[in-house]
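Asks: Would you be able to build a 3D model of this:
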Amino acid sequence: MPKAKKSGKRKKFNYNLDRKKMKKQAIKKCKPRIENSQIRNAWDDKKSTSRNLQDMGLAFDPNRSLPIQKKSLTREDRVTKAPVETVTKPYVVNQLEEEANRLQKDSKTLSSDLIEYAQYMIREHKDNFKEMARDEKNYYQDTPKQIKRKLIEYQRCHKEHYNTFMSSLAPQPIVQ
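Replies: The predicted structure follows:
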């Protein structure tokens, strides 16, 4: 059987490569990027993942951190106790709780074209979605379900705008 060409060739050392830099790049590439800034700042590269999370007061394995009742047929129910760990970095948990408790504004919005389209459909057809689907200005060739979904999205994203639009459509009483 023939041998692959140059398979027995001696390896030569490449002096143009920076080995220290290559090693750092390889370590950086294999390590995961921690997205959360609080955890990233408290992370210790010399410790294992489970030890780092334990020091922060977080669970590496939720099955071990929560006590579970084991049922047995012969004896009464036993409660397995979760191992008690000392938290050396409690500020991480506090920062994570603060971040989770902050209210986030719903920033979803619709395009002006879609708002105009929804207003036109409401103005012309009120709540008749089948008639809306047959309209010649149905640019998007939507089915009644799709039109209804777009109108609900308009209501959800622009509540004040929708309420003022609906109040402008309501017939005004004639004062004599």
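
Asks: C-alpha only now, for contacts and for neighbours.
Replies: Noted.

Asks: Please identify the buried residues of stretch 153-166?
Replies: Residues of stretch 153-166 classed as buried by neighbour count (16 or more other Cα atoms under 10 Å): Glu153, Tyr154, Gln155, Cys157, Tyr162.

Asks: residues making contact with it?
Replies: Applying Cα atoms under 8 Å, 6 or more residues apart in numbering, the contact partners of stretch 153-166 are Lys108, Thr109, Leu110, Ile115, Ala118, Gln119.

Asks: Contacts only, for the third one.
Replies: Applying Cα under 8 Å, 6+ apart, we find Leu110 in contact with Tyr154, Cys157.

Asks: So what does it have for phi and psi?
Replies: Taking degrees, to the nearest 10, you get phi -110, psi 160 for the backbone angles of Leu110.

Asks: Count the residues that sit near Gly57.
Replies: 19 (other Cα atoms under 10 Å).

Asks: And for Ser50?
Replies: Other residues lying near Ser50 total 13 when counted by other Cα under 10 Å.

Asks: surely it meets Phe60?
Replies: Yes: proximity of Ser50 to Phe60 meets the contact threshold set by Cα atoms under 8 Å, at 5.4 Å.

Asks: And the spatially most central residue of the chain, how close does it get to Tyr91?
Replies: Centrality entry for the chain: nearest residue to the mean C-alpha point is Glu35, 12.0 Å, by Cα atoms, centre = their mean. Note on Glu35: its distance to Tyr91, by Cα to Cα, to the nearest Å, is 18 Å.

Asks: now do Lys159
Replies: As judged by Cα to Cα, Lys159 and Tyr91 stand 39 Å apart.

Asks: Return the distance of the residue nearest to the centre of the chain relative to Tyr140.
Replies: Distance from Glu35 to Tyr140, counting by Cα to Cα: 39 Å.

Asks: Same check on Met132?
Replies: As judged by Cα to Cα, Met132 and Tyr140 stand 11 Å apart.

Asks: Which one's more surrounded, these two?
Replies: With other Cα under 10 Å as the criterion, Met132 and Tyr140 differ in neighbour count, and Met132 comes out ahead with 22 against 11.

Asks: Secondary structure class of that one, three-state.
Replies: helix (DSSP: H, G, I helix; E, B strand; the rest coil).
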